[in-house]
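A.B. asks: Fold the following for me, if possible:
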Amino acid sequence: MGSEPTMQVPSEVIVAALRDAWREPGAGQPLYGSGPPLRPIAESEEDQLIPSGGSSPLWEIVRWMPAEPDGQALSPTSLSEAFARPLAFRLDVLGASRHALATRFTWSIISPGDVAWVVAQLEGRAVVEIGAGTGYWAWQLQQAGVDVAAYDPHSPGEDNRYCTAGPYTTVLVEDASAVKRHPDRALLMVWPPLGGEHARHALSVYEGDLLLYAGEGLGGCTADDAFYKMLNAEWELTSVAPRHVTWSGIHCELAAYRRKRGEHRG
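C.D. replies: Numbers count the residues shown, from 1 in each chain. Purely as a prediction, here's the structure:
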């Protein structure tokens with residue numbers, strides 16, 4: 001575990017192609033409209049370096065993707081926004097698009113800054129991840145010394161349109177009820193499917209007091225209304241990851257919640 005699947009273009013090849021693309025004349029100049037030039041996160045003030053000895057292939061690719069200003073941050077965006085159409089097409093074929101990267105790795109970007117923030121929130125606690133998909137987030141946290149028990153009702157693979165690659169670590173095939181066996185662990189959920197019930201199910205049976213959640217809010221593209229109603233009624237927002245990077249147009253937030261007093265389960 002912890003290695004990339006061999007049937008995909010190696011991440012190093014995609015990174016090299018993106019770096020070469022930035023050397024092309026006109027790279028980063030908006031092709032439509034008159035906005036500011038696009039640039040990669042790599043080698044900018046927004047860049048985040050991977051700890052020595054670590055492996056973070058998605059972040060290595062994302063940091064070289066075209067990025068546009070989003071407030072004070074940079075958000076990776078479409079290849080066609082920064083590169084001539086033939087070049088953008090070649091990069092897309094290699095797998096340097098949001099959809100290809102999401103299905104290969106994870107639907108919510110995890111950066112080195114996110115890992116450090118999660119470790120700080122945990123204060124030494126272990127994690128149970130429900131809806132772990134490819135196991136990419138679990139793998140990233142394990143590299144930082146976090147004990148993660150990861151579960152998903154569906155195995156990743158070519159017949160899984162949401163998670164085509166992996167697993168990057170052990171992901172046990174089990175539904176959200178698995179969380180009941182881990183009341184001492186923090187609960188992690190990342191980008192639960194829109195309208196799906198597993199986020200609500202997991203939260204309703206979880207007996208612990210710390211939730212780490214990466215996704216959009218009520219009315220967004222993740223979970224269902226019942227989940228957000230429960231989250232608002234029973235949980236209190238305590239921290240938001242300040243260096244979380246999200247795709248342009250995607251309002252993903254990585255946040256920590258504590259169970260409100262008087263809302264203990266079990």
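A.B. asks: Show me which residues of the worst-scoring helix or strand of the chain on mean pLDDT are buried.
C.D. replies: Within the chain, no helix or strand scores below strand 67-70, which has a mean of 89 by mean pLDDT, DSSP states H and E. Under the neighbour-count criterion of 16 or more other Cβ atoms under 10 Å, strand 67-70 has Ala67, Glu68, Asp70 buried. All C-beta atoms are positioned from the backbone trio N, CA, C, and that covers glycine.
A.B. asks: Relative to Ile109, how far out is the first one?
C.D. replies: With distances taken as Cβ to Cβ, to the nearest Å, Ala67 is found 11 Å from Ile109.
A.B. asks: rewinding a little: partners of the following helix or strand past the least confident helix or strand of the chain in the sheet?
C.D. replies: Sequence-wise, the next helix or strand downstream of strand 67-70 (DSSP states H and E) is strand 73-76. Strand pairing for strand 73-76, determined by DSSP bridges: strand 67-70 (antiparallel).
A.B. asks: Please state the offset of the strand it pairs with from the chain centre?
C.D. replies: Relative to its chain's centre, strand 67-70 lies at 18 Å (Cα atoms, centre = their mean, to the nearest Å).
A.B. asks: Go ahead and flag the most central residue of the chain.
C.D. replies: Residue closest to the mean C-alpha point of the chain, counted by Cα atoms, centre = their mean, is Ser108 at 2.3 Å.
A.B. asks: Run through who's touching the least confident helix or strand of the chain.
C.D. replies: 35-36, 38-41, 46, 74-77, 81, 248 (Cβ atoms under 8 Å, 6 or more residues apart in numbering).
A.B. asks: Now, of those residues, which are buried?
C.D. replies: Leu38, Arg39, Pro40, Ile41, Glu46, Leu74, Ser75, Pro76, Thr77, Glu81, Ser248.
A.B. asks: Residues contacting stretch 174-181, please?
C.D. replies: Contacts of stretch 174-181 (Cβ under 8 Å, 6+ apart): 128, 130-131, 149, 151-153, 172, 187, 198-199, 201-202, 205-207.
A.B. asks: go on, stretch 57-65?
C.D. replies: Stretch 57-65 is contacted by residues 4, 11-12, 14-15, 18-19, 22, 40-42, 47-48, 50, 76-77, 79, 96, 101, 104-106, 109-112, 136, 245 when judged by Cβ under 8 Å, 6+ apart.
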